[in-house]
Each structure stands twice: as C-alpha cells, then as structure tokens.
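> kindly return the folded structure for what I paste below:
(one chain, ligands or ions: 1)
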Amino acid sequence: MTSEQALERAAAAGIHRLQIPTPFAVGRVNCYLIDDDPLTLVDTGPNSGKALDELQSQLAGFGHSIDDLELVVLTHQHVDHVGLAEIIVEHSGAEVAALDLLAPWVEHWSEAMDADDAFAERVMAEHGIPEDVRHALIGVSQSYRGWGAAATVTRPLAPGSQLRLRDRTLRVHHRPGHSPSDTIFHDEGHGIVLGADHLIKHISSNPLISRPLAAAGAPHGGGGGGGGGETADRPHALEIYIASLRATRAMENVDLVLAGHGEPVTDHVALIDERFRLHKRRAEKIRRLIAQAPITAYEIAQALWGNVAVTQAYLTLSEVLGHVDLLVTAGRVVEQRDGGLVRFAAAG
Ligand SMILES: [Zn+2]
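Got it, this is the predicted structure:
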C-alpha cells in the first residue's frame with residue numbers, strides 16, 4: 001500500500017490528514033479531521049496565527065470550519081500537537097479529550113513547563129552538560145512556550161477505555177516513550193490507528209527524558225506492559241518506549257498507522273523491528289565507548305555527534321541515556337556517582 005493509497009483508505013473511513021505548519025525542525029504536524037458525530041479533530045498544531053489560518057483553510061477544503069468542531073482529541077503534551085486547543089474551544093465550544101494523566105499537565109501548562117525545565121536542568125547537570133550550555137537550552141525551551149497554551153480537558157480518558165463516535169469506536173492505548181503522555185487511538189472497525197509521534201515512518205521517535213506525569217512520589221502507570229523503570233527519579237525513557245513499541249507490535253487488526261508527522265505507516269511490525277535493530281546497534285556502539293574508560297553521557301554524546309551534542313544537548317543526552325539504561329539493565333554497564341556527576345563504566 002502506497003502512502004496515497006493509505007490516505008485514500010483513511011479518507012474512505014472519514015479520516016482526513018491536515019498538515020499544519022510549525023516553527024520546529026520537524027516541519028509540519030499532521031492533525032486528523034474525523035468526519036463523524038461529533039465532528040472531531042485529533043491534535044491541533046501550535047499556537048500561532050499561521051497555524052490557525054492553515055487549519056481554517058484546510059478544514060474549509062472538507063466543507064467545515066473551526067466553529068463546527070465538536071471534539072478535540074489530544075495525543076500528547078508537545079506544543080505542536082496541543083498549542084491551539086484552547087483557541088479552537090473558544091471558537092467552537094468543542095469538548096477536549098485526552099489521557100487522564102495528561103489532563104492536569106495541560107490545564108496547568110505554564111507550571112508544568114517550569115517544572116519540566118527544572119527537571120531537565122538537573123538531569124543535564126548530573127550528566128556533565130556545562131552550565132552555559134544548560135542555560136542556553138533552557139532559554140530555547142522558554143522561547144518555545146509561546147507556541148503552546150493551557151487547555152481544559154473536559155473528557156479525561158482512562159487507558160484501555162473507548163471513545164465512541166457515531167460511526168466508530170476509538171480504543172485508547174497509553175504508549176509512553178516519545179513523551180510520558182503518548183496516546184494512540186485504535187479505530188478497530190476500520191483497522192486504522194491514530195498513532196501521533198509514537199511511530200513515525202521517516203524518523204525514529206526520540207524517547208525524550210521527561211518529568212513523569214504523576215505527582216512526585218506517586219506511582220506512574222508506565223503503560224505498555226512492563227520493561228521500563230526509573231532510577232533516581234529519572235524515567236528510563238527508551239526502555240519505556242521499547243515496551244510501548246512491543247505492545248503496539250502485538251496489536252491485531254492494524255492495517256495502517258496515521259502518524260503525527262510524515263506519511264502513514266503501512267507495515268508497523270516491520271518498522272518496529274527496524275527500530276529495535278537500530279537501538280541494539282546504537283547500544284553496542286555506546287558500550288564500546290564506555291569500555292575504554294569511565295565516561296559521562298555528555299562525553300559519549302560528543303564522541304558520537306560532535307557539535308550537535310552541544311546545540312541539541314538535551315535530545316542527544318536523552319538518546320545516550322536511553323541506550324545506557326539498556327546496558328545497565330543488561331548488567332553490562334554500571335553507574336558511578338562522583339559528587340553530583342554521573343559516569344558510566346564497564347561492569348565487572
Ligand atoms: Zn510531534
């Protein structure tokens with residue numbers, strides 16, 4: 001099935017892709033109009049006039065306007081997916097549905113972003129990222145805030161529950177990894193998954209190390225069925241993501257996955273297997289670096305990616321730590337704490 005055939009197939013099921021511009025390197029974000037009752041929009045695009053104009057004109061192409069929307073469904077916490085939610089609600093009075101764990105996060109968006117920045121700062125310091133780089137990155141994060149906004153979730157969704165529309169039922173699955181709130185929606189009758197950033201065809205989703213959604217001290221429902229863990233209150237994002245990918249790989253009645261960026265995924269099992277191979281190779285490469293001498297995650301990132309480890313320090317740090325976690329869990333690498341700094345060394 002080609003991308004065009006997949007999109008036609010989705011359109012025949014009443015699901016239409018809208019490609020909304022973002023200011024980010026990832027390019028456009030895919031939002032999906034579900035022509036059903038209620039009239040539903042899955043994800044919104046970022047909070048910008050340009051995104052709003054494009055949303056309006058692309059909805060018009062399907063004979064609708066923002067004012068007609070009755071339900072907005074949010075797939076996860078990132079600003080390119082949720083930024084316009086409250087503005088859409090102001091125009092339309094639409095309900096907003098999202099994973100129950102995500103609801104307080106978007107409702108208290110500004111405080112959540114402050115806490116996320118503080119969390120990121122601490123993780124970066126622990127893993128050897130110098131202060132000037134940390135401050136530059138927090139500055140970038142703060143400049144992104146204008147693309148998001150708080151929103152009120154009127155229909156919190158429990159994992160495993162169903163969202164019923166007139167012509168379909170969407171099964172709600174929590175698939176944390178890319179972010180702690182990643183949620184996918186399975187239209188079982190049509191064999192279509194709205195997968196957002198859980199599985200993207202042209203890029204391997206970054207399992208970003210994010211502050212857990214549940215309040216500090218409260219157990220976090222990892223979802224996806226085990227595998228992930230936490231140490232020193234830093235979630236093992238890649239392990240959690242791999243467990244989520246396993247759960248998605250095992251899903252039946254999935255002909256296509258409509259992604260949050262790029263083209264539809266028409267063979268999710270093959271793509272997930274490819275991701276598993278990639279993570280194995282990368283972990284092995286990192287293990288060889290660690291075997292030479294104890295090393296910080298930041299030094300590993302620089303050895304692998306040079307200056308990108310500075311300009312995209314948090315992304316590359318997340319990538320390194322995700323793979324180091326796999327090695328630590330496998331008993332091949334140990335963590336050494338030296339004051340506030342963490343180094344990794346070969347086990348035994
Ligand atoms: Zn995204």
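
> check contacts around whatever residue of the stretch 201-348 of the chain ends up closest to the ion.
Closest residue of the stretch 201-348 of the chain to the ion, CB to the ion: residue 260 (4.6 Å). Any C-beta I mention is one placed from the backbone N, CA and C, and that applies to glycine too. With contacts defined as CB atoms under 8 Å, 6 or more residues apart in numbering, residue 260 is in contact with 29-30, 43, 75, 81, 195-197, 200.

> which residues touch the helix or strand harbouring residue 54?
Under the criterion of DSSP states H and E, residue 54 resides in helix 49-60. Applying CB under 8 Å, 6+ apart, the contact partners of helix 49-60 are 18-22, 31, 33, 44-45, 65-66, 68-69, 83-84, 87-88.

> so which of those residues are in helices?
87-88 (DSSP state H).

> give me the ChimeraX select line for the contacts of helix 49-60, limited to the buried ones.
The ChimeraX command for the buried members of the contacts of helix 49-60 (criterion: 16 or more other CB atoms under 10 Å) is given here:
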select :18,20,21,22,31,33,44,45,66,69,83,84,87,88
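
> which of the contacts of helix 49-60 are close to the ion?
Cross-checking these against the ion (CB under 5 Å from the ion) gives no overlapping residues.

> okay, and which of the contacts of helix 49-60 map to strands?
If you go by DSSP state E, the contacts of helix 49-60 have 18-20, 31, 33 in strands.

> in a markdown table, list those along with pLDDT.
Shown next, in a markdown table, are those (pLDDT from 0 to 100):
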| residue | pLDDT |
| --- | --- |
| 18 | 98 |
| 19 | 98 |
| 20 | 98 |
| 31 | 98 |
| 33 | 98 |
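
> my read: residue 156 touches residue 103, true?
Yes: using CB atoms under 8 Å, residue 156 is in contact with residue 103, at 4.7 Å.

> so between the two, which is more surrounded?
Counted by other CB atoms under 10 Å, residue 156 and residue 103 do not tie: residue 103 has more neighbours, with 22 against 15.

> once you drop chain neighbours, what's closest to that one?
residue 153 (3.9 Å; CB to CB, 6 or more residues apart in numbering).

> the one you found against residue 106, yeah?
Yes: counting by CB under 8 Å, residue 153 sits close enough to residue 106 to count as a contact (6.2 Å).

> joint contacts of these two?
Taking CB under 8 Å, 6+ apart as the contact rule, residue 153 and residue 106 both touch 74, 98.

> helices along the stretch 101-250 of the chain, start to end?
103-107, 109-126, 131-143, 237-249 (DSSP state H, counting those that start in this stretch).

> tell me how many other residues crowd residue 111.
Number of residues near residue 111 (other CB under 10 Å) recorded here: 12.

> point out where the chain drops to low pLDDT.
214-232 (pLDDT under 70).

> the ion contacts on that one?
80, 197, 260.

> so how far is residue 143 from the residue of the stretch 201-348 of the chain closest to the ion?
Separation of residue 260 from residue 143 (CB to CB, to the nearest Å) stands at 22 Å.

> do the same with residue 265
The value you get for residue 265 to residue 143, if CB to CB is used, is 32 Å.

> who's more crowded, these two?
Per other CB under 10 Å, whichever of residue 265 and residue 143 has more neighbours is residue 265, with 24 against 10.
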